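Colleague: Just need the structure, nothing else, for what follows:
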Amino acid sequence: MATIRLRDHPLVRRVRGLASTDRAGDGVLVALAAGVGLATGLLAVALIELVRAVQAVAFAGPDRLVVVLAPTLGGLLVGVLITYWVPEARGAGVSQVMTAIALHGGRMRPVLALGKLLTSGLALGTGASGGREGPIVQIGGAVGSTAGRLLNLNEEQKRAVIAAGAGAGIAASFNAPIGGMLFALEVIIGGFRARYLQVIVVACVVASVTARTIVGPELIYSPPPFTLADPRELLLYAVLGLTASGVGVALVRGEAIVTVVAERARVWPPLRTAAGGLGVGLIALAVPEVLGTGDHLPPVLGVVTDPIAGMLAGEVGGTGLSAAGVLLVLLVAKLAATALTLGTGSSAGSFAPAVFIGAALGGAYGHVTAAVLPGAAVAPGAFALAGMAAVVGASTRAPLTAILLAFELTGDYGLVLPLMLATGIATFLADRLDRESAYTLPLTRRGIVYAEPEDVDIMQTVRVGEIMNPDPPAVPPSMTVPELQAEFRRTRRHGFPVVDGDRLVGVVTISDLARAVNPDGVDEDAMTRTGDIMALRERTVGDICTRRVLTVTPEDPVFRAVRRMGAIDAGRLPVVAAEDHSRLVGMVGRADVVKAYQRAVTRSLGVQQRQQSSRLRDLAGTQFVELVVAPDAEATGRAVRDVVWPPRTILTNVRRNGEAIMPNGDTVLEAGDEVVVLTDQQVAGEVRRLIAGVAPDE
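Modeller: Numbers count the residues shown, from 1 in each chain. Next comes the predicted model:
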């Protein structure tokens, strides 16, 4: 009995058809968002329970031994899984979702949801210094991507569903639907877009309700109620915000420094994550509170099992300047442990460490303030709450998310003004100190500009399908390396798509050939001229080509292709079918981009003319008429001077095959030409008859 793939099931095909229609599409997206929210909520609960289960096993032995061994062995195992199974699970997860949207059209492998769940559960359960938010964002994004691919959504719809899954992850993980919604808009979408709002809201609500039903409705933290007793205290919160900006930038840059050092180390990749775990374990010998997320820590070495809650309650470190010293030690230790965890590629997030570090900073600041101003009614826990939001805002550049999450995590709305002031100042100053956030810095290091342009770029008016080469030269994966070398010499090209039939296998470039011929880096031109290929006769193009390649579809705007080429410094990109990303339909290169620019400029001029038409119409009783020259029209095949134009009529522009032609008397009008005519309103019908073959009364 023949099997039917899920994407080919009649019901799925029916829903896919509805999603492609304007009227029913919105309803399908909302229903899909509910499903994504439900699945993400269940996976968030699974991650919470997995962390607890791993933690119970990992920290069951002698305290001092397991504090070092658990993070080290956990890092090694996570590194193996990432290296050989799910490389996309490396790192926090948020930047990986943004990369998938920016470069891969939102495509993420379905196995990523399971892979990220396992790697993050192992990492956090064995004491890696990180949080659940990044992993669950990537898990939710993978769920949304899988659903979008199943229903063959276009890129904009898929972006909305992925953002909904990411926001649902935050909502379920922290019991914070509003914070999840704002996170999806501020970080994943990059701004407030009304067309995404309903999809994100539905997913966040469903995910939060799902997790709350299973885990319980309790708040993550329950500090005592705080209020602003004196408006003059706002000055103290403003200074806290200034301090938090530097701490937020230090958190981002600390991770980046460790990342650079780790990448330069020529060792087996899993050893890097193991080394990061070892570093965390050694720090934990002195400061065990750095282990894990900062909540429900393993009871080892006399650790405060809920340090963040303790800091918000003002119960960590005692009182006075001694308490401030303890909290500053926690701050520095957590910052170092987090940099080691994330910089060596473990599967953990950076949000929870920012919460921990911010609470420690605010608590220390509160104790110092109480000692310096003994007459002021200063509650260190209140400053810990404000510091928490301020450092989160400074490191993520998502101030609204930070403020609302602080409210939802604690249920305390008594410090609205101090939180807004401290977080606003911290985010503003951090943005001036360093333009990159914890989520955008990994993208910038790869040359990826994530934000969509605020205004419509002229390159958005041309589609890839209009300028691509629909029949590009290609090579089969079975071609031998010597044959490929000869093909490069013959064509003088720098790369070919590798296709098996019409299925895209990958891309092979002259750099791939040079590395295959001599991995030690001999000059590429020399290798293509004189390299000894006798030892490579058995190797094929399929062995040396790059299989994970960036692609675009014919429906994508050209600016997206330009962005992806720039991100990897490539001169060409494969174009794949929108409904099947494994089928090659063309190639787009830098020369095609030049054609696209010329076409876009032509269209831009037409738009400018249309924008001015109403003004001219009002002033002079005239109007612009845009028409396509019909094959049987009276003006077809005739020079402009030979056409009997009505009075007060001027032919202003002709576009032929996407290129602008400035018409003169000798210009011959051809069928298919797009023309713009300025004419008197009373004779516009006669102009239509001459050019489009339409009778005046039609």
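Colleague: List the contacts of the helix or strand harbouring Thr72.
Modeller: If you go by DSSP states H and E, Thr72 is part of helix 63-84. Surrounding helix 63-84, the residues in contact under the criterion C-beta atoms under 8 Å, 6 or more residues apart in numbering are 54, 58-61, 89-90, 115, 118-119, 122-123, 125-128, 269-278, 280-282, 284-285, 288, 291, 300-301, 344-347. Where you see a C-beta, it was placed from the backbone N, CA and C, and this is true even at glycine.
Colleague: and it, how far from the chain's centre?
Modeller: The gap between the average C-alpha position of helix 63-84 and the chain average comes to 28 Å, counting by C-alpha atoms, centre = their mean, to the nearest Å.
Colleague: where does Leu433 sit relative to Ala390, distance-wise?
Modeller: Summarising the geometry, the distance separating Leu433 from Ala390, computed by C-beta to C-beta, to the nearest Å, is 14 Å.
Colleague: scratch that, Glu255
Modeller: Note on Glu255: its distance to Ala390, by C-beta to C-beta, is 19 Å.
Colleague: what about the two, which has more around it?
Modeller: Ala390 (38 against 26; other C-beta atoms under 10 Å).
Colleague: What residues does the more buried one make contact with?
Modeller: Residues in contact with Ala390, defined by C-beta under 8 Å, 6+ apart, are 240-241, 244-245, 248, 358, 362, 402, 422-423, 425-427.
Colleague: circling back to that earlier point, and after the helix holding Thr72, which helix or strand comes next?
Modeller: Helices and strands here follow DSSP H and E; after helix 63-84, the next one along the chain is helix 94-103.
Colleague: Name the next helix or strand downstream of the least confident helix or strand in the chain by mean pLDDT, please.
Modeller: The weakest-scoring helix or strand in the chain, judged by mean pLDDT, DSSP states H and E, is helix 524-530 (a mean of 44). The helix or strand immediately downstream of helix 524-530 is helix 541-544, counting by DSSP H and E.
Colleague: low pLDDT regions in this protein?
Modeller: Scanning the chain with the threshold set as pLDDT under 70 gives 1-25, 219, 375-377, 446-461, 519-537, 567, 597-622, 658, 694-698.
Colleague: pull the longest helix from it.
Modeller: Across the chain, the longest stretch assigned as helix under DSSP state H is helix 22-58.
Colleague: relative to helix 63-84, how tilted is it?
Modeller: Following axes from the mean of the first three to the mean of the last three C-alpha atoms, to 10 degrees, one obtains 140 degrees for the angle between helix 22-58 and helix 63-84.
Colleague: What is helix 22-58 packed up against?
Modeller: Packed against helix 22-58, as judged by 3 or more C-beta pairs under 8 Å, 6 or more residues apart in numbering; DSSP states H and E, are the following elements: helix 10-19, helix 63-84, helix 111-125, helix 133-150, helix 155-174, helix 194-215.
Colleague: quick one: which of those helices is nearest Gly495?
Modeller: helix 155-174 (24.8 Å; C-beta to C-beta).
Colleague: before we move on, the earlier item: give me the buried subset of the contacts of helix 63-84.
Modeller: The neighbour-count criterion (16 or more other C-beta atoms under 10 Å) marks 54, 58-59, 89-90, 115, 118-119, 122-123, 125-128, 269-278, 280-281, 284, 288, 291, 300-301, 344-347 among those as buried.
Colleague: where exactly do the strands run in the stretch 401-550 of the chain?
Modeller: When secondary structure is read from DSSP state E, counting those that start in this stretch, the stretch 401-550 of the chain shows strands at 495-500, 503-509.
Colleague: In CSV: these, plus mean neighbour count.
Modeller: As requested, these are arranged in CSV below (neighbours: other C-beta atoms under 10 Å):
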stretch, mean neighbour count
strand 495-500, 22
strand 503-509, 21
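Colleague: Make JSON lines out of those and add distance to Met98.
Modeller: Rendered in JSON lines, the data for these read as follows (distance: least, C-beta to C-beta, whole Å):
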{"stretch": "strand 495-500", "distance to Met98": "27"}
{"stretch": "strand 503-509", "distance to Met98": "23"}
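Colleague: Select, out of those, the one closest to Leu47.
Modeller: Across those (criterion: C-beta to C-beta), the nearest stretch is strand 503-509, sitting at 33.5 Å.
Colleague: Quick check: the residue at minimal distance from the centre of the chain vs Leu327, distance?
Modeller: When the chain is reduced to its mean C-alpha position, the nearest residue by C-alpha atoms, centre = their mean turns out to be Met98, at 0.9 Å. When distance is defined by C-beta to C-beta, Met98 is 33 Å away from Leu327.
Colleague: With Ile650 instead?
Modeller: For Ile650, the distance to Leu327 (C-beta to C-beta) stands at 77 Å.
Colleague: out of those two, which sits in the more crowded spot?
Modeller: Taking neighbours as other C-beta under 10 Å, Ile650 and Leu327 compare with Leu327 leading, 26 against 11.
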